[in-house]
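**Student:** below are the sequence and a predicted model; questions follow.
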Amino acid sequence: MPSRSTRRLILPFAALLASAVATSGQAAPSQTAPTQAATTQAASPHGIDVCTVTGTSGQYSVRVRNTTDKTLSHADVVGVHLNAAGQGGNTVTVNLQDVPPGKYKTAVLARHGESAALVSIATYQTVNGVDTPQQELYAGKVAHVAPGSALQYTVAPLALRGWTVAYGTAQSPKLEPGSAVLLIYPARTGKKRDVTRPDAGRAPADVVPLLSCATPRKH
């Protein structure tokens, strides 16, 4: 259970989908054609579909697919390198430029022999000639489950400390302890985004699983 000093956000939330993104600060992001699985998935109502790729020697990357009919001018991915104890260290920031509709780009957070985790993603489109923020996503994990409680789930950051989110409704999908999720918020213009945590007291538009790219999606 989170401590009393831990900041809480009370979050009602809707159905599950899937989302996330990231890249090594030294790696050039690469664009590839969508896989058959990606092209046959239902389009995400949040504008992107996110999944992760983990290698056998610690490599870690995040694949972001644009599910809208407009090009994403860029997607900013923030992650952290992990030490041997699994604690977050150096921040890794990656900027994926010009993601076309229906295509994806991959952000590499960790290479051979390294380890990393996703912290957050922000997406942007050019609207009337202005680079405009679209969505903000924060990576978390289900830290505690309290069946029967009005707020039956507590989410903590996937790789950092400093915030928890309690949420749940009678219609909440079942989530397992320790499972990775994304908190999704519509972006707000004119306000500087905290890349490490969601705004206190602000309810997300959705909470979705953060899945491996090899995991089949449920419709």
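**Tutor:** Received the coordinates, thanks. Residues are numbered from 1 along each chain as shown.

**Student:** rest of the way, CA atoms for contacts and neighbours
**Tutor:** Will do.

**Student:** need the single longest strand in this structure, by residues.
**Tutor:** strand 130-145 (DSSP state E).

**Student:** and that strand, how far from the chain's centre?
**Tutor:** The chain centre lies 5 Å from the centre of strand 130-145; the measure is Cα atoms, centre = their mean, to the nearest Å.

**Student:** that one pairs with which strands?
**Tutor:** strand 116-127 (antiparallel), strand 153-157 (antiparallel), strand 180-186 (antiparallel) (DSSP bridges).

**Student:** can you give me the strands for this structure?
**Tutor:** So, for the chain - with DSSP E - the strands run 8-11, 30-32, 48-54, 60-66, 72-82, 88-99, 104-110, 116-127, 130-145, 153-157, 164-167, 180-186, 206-209, 211-212.

**Student:** any chance of TSV for those strands, columns mean pLDDT, mean neighbour count and distance to residue 192?
**Tutor:** Supplementary listing: those in TSV, determined by pLDDT from 0 to 100; neighbours: other Cα atoms under 10 Å; distance: least, Cα to Cα, whole Å:
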stretch	mean pLDDT	mean neighbour count	distance to residue 192
strand 8-11	39	20	19
strand 30-32	39	14	28
strand 48-54	94	22	22
strand 60-66	96	26	23
strand 72-82	96	24	14
strand 88-99	93	19	16
strand 104-110	96	28	23
strand 116-127	95	24	12
strand 130-145	93	22	11
strand 153-157	88	25	20
strand 164-167	84	23	21
strand 180-186	91	24	14
strand 206-209	85	22	21
strand 211-212	94	18	28
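
**Student:** just to revisit the earlier point, would JSON lines of the strands paired with strand 130-145 with distance to residue 171 be doable?
**Tutor:** Formatted as JSON lines, those follow (distance: least, Cα to Cα, whole Å):
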{"stretch": "strand 116-127", "distance to residue 171": "26"}
{"stretch": "strand 153-157", "distance to residue 171": "13"}
{"stretch": "strand 180-186", "distance to residue 171": "17"}
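
**Student:** of those, which is nearest residue 69?
**Tutor:** For these, proximity to residue 69 was assessed by Cα to Cα; strand 116-127 is nearest, at 10.9 Å.

**Student:** alpha carbons of that closest one, as PDB, please.
**Tutor:** Extracted C-alpha coordinates of strand 116-127, given in PDB (Å, rounded to 0.1, in the frame of the first residue of the first chain):
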ATOM      1  CA  ALA A 116      15.900   0.600 -19.200                       C
ATOM      2  CA  ALA A 117      12.200   1.400 -18.700                       C
ATOM      3  CA  LEU A 118       9.600   3.800 -20.200                       C
ATOM      4  CA  VAL A 119       8.600   6.800 -18.200                       C
ATOM      5  CA  SER A 120       6.300   8.900 -20.500                       C
ATOM      6  CA  ILE A 121       5.400   9.700 -24.000                       C
ATOM      7  CA  ALA A 122       3.900  12.900 -25.600                       C
ATOM      8  CA  THR A 123       2.600  13.200 -29.100                       C
ATOM      9  CA  TYR A 124       2.200  16.300 -31.400                       C
ATOM     10  CA  GLN A 125       0.500  17.200 -34.700                       C
ATOM     11  CA  THR A 126       0.800  20.300 -36.800                       C
ATOM     12  CA  VAL A 127      -2.600  22.100 -36.600                       C
END
